[in-house]
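1. Fold the following and give me the result.
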Amino acid sequence: MTAATYPRQIPYDVGVRGRCPRCGEGKMFNGFLTLKPSCEVCGLDYSFADPADGPAFFAITFACLPSACFAVWLELAYQAPYWLHLFTTVPIMLATLLPPLRPLKGWLVASQYYHKAAEGRLVRPGEEDDAER
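-> Numbering: from 1, shown residues only. The predicted model follows:
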């Protein structure tokens, strides 16, 4: 079975579920955030994937913002001692930061595959670009 015979997968659908962006069946992760070397079903090599800090950026920006606002509100409203922040704010921040990391990373990896994202390179005059072949 070649790559051309696989149905086109929707990046959000397969990525959030942690499934292979090519076949939609194989699991993408070894552990919590560690990508497998390749898909066990279709053999897709995941070495193309480099989501870098994208998942952490999105999780911190969108998920932790409400918990940070809670911490500021708690401090301004009650002048809460540090131990209260330790037992309220820290668990809330962890609860809003950790769960979205894996789905976000899966979505970014699946999007890279779907859009054929690769490292940029310069094409000199007279050289043929890979996209033009």
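
2. From now on I want contacts and neighbour counts done on CA atoms only, so please keep to that.
-> Fine.

3. now the most centrally placed residue in the chain: how far from Gly18?
-> By CA atoms, centre = their mean, the mean C-alpha position of the chain lies nearest to Lys105, the distance being 1.4 Å. When distances are taken as CA to CA, to the nearest Å, Lys105 and Gly18 turn out to be 9 Å apart.

4. Kindly report the same for Cys64.
-> According to CA to CA, Cys64 stands 22 Å off from Gly18.

5. Next: Val123.
-> According to CA to CA, Val123 and Gly18 sit 35 Å apart.

6. Helix or strand: which one has the closest residue to Phe70 other than its chain neighbours?
-> Counting by CA to CA, 6 or more residues apart in numbering, Thr89 is the residue found nearest to Phe70 once chain neighbours are left out, at 7.4 Å. Assigned by DSSP states H and E, Thr89 falls within helix 82-97.

7. and that helix, what does it pack onto?
-> Contact analysis of helix 82-97 by 3 or more CA pairs under 8 Å, 6 or more residues apart in numbering; DSSP states H and E lists helix 64-78 as its packing neighbours.

8. tell me which residues of the helix it packs on are tucked away?
-> Along helix 64-78, the positions that meet the burial threshold by neighbour count (16 or more other CA atoms under 10 Å) are Cys64, Ser67, Ala68, Phe70, Ala71, Leu74.

9. Kindly report the same for stretch 109-126.
-> Of all the residues in stretch 109-126, those buried under the rule 16+ other CA under 10 Å are Val109, Ala110, Ser111, Gln112, Tyr113.

10. swap in stretch 75-94?
-> For stretch 75-94, the buried set under the neighbour-count rule, 16+ other CA under 10 Å, comprises Thr89, Ile92, Met93.

11. Give the helix, strand or coil label for the closest residue to Gly106 other than its chain neighbours.
-> Spatial nearest neighbour of Gly106, excluding adjacent residues (CA to CA, 6+ apart): Gly15 at 4.0 Å. With DSSP: H, G, I helix; E, B strand; the rest coil as the basis, the three-state label of Gly15 is helix.
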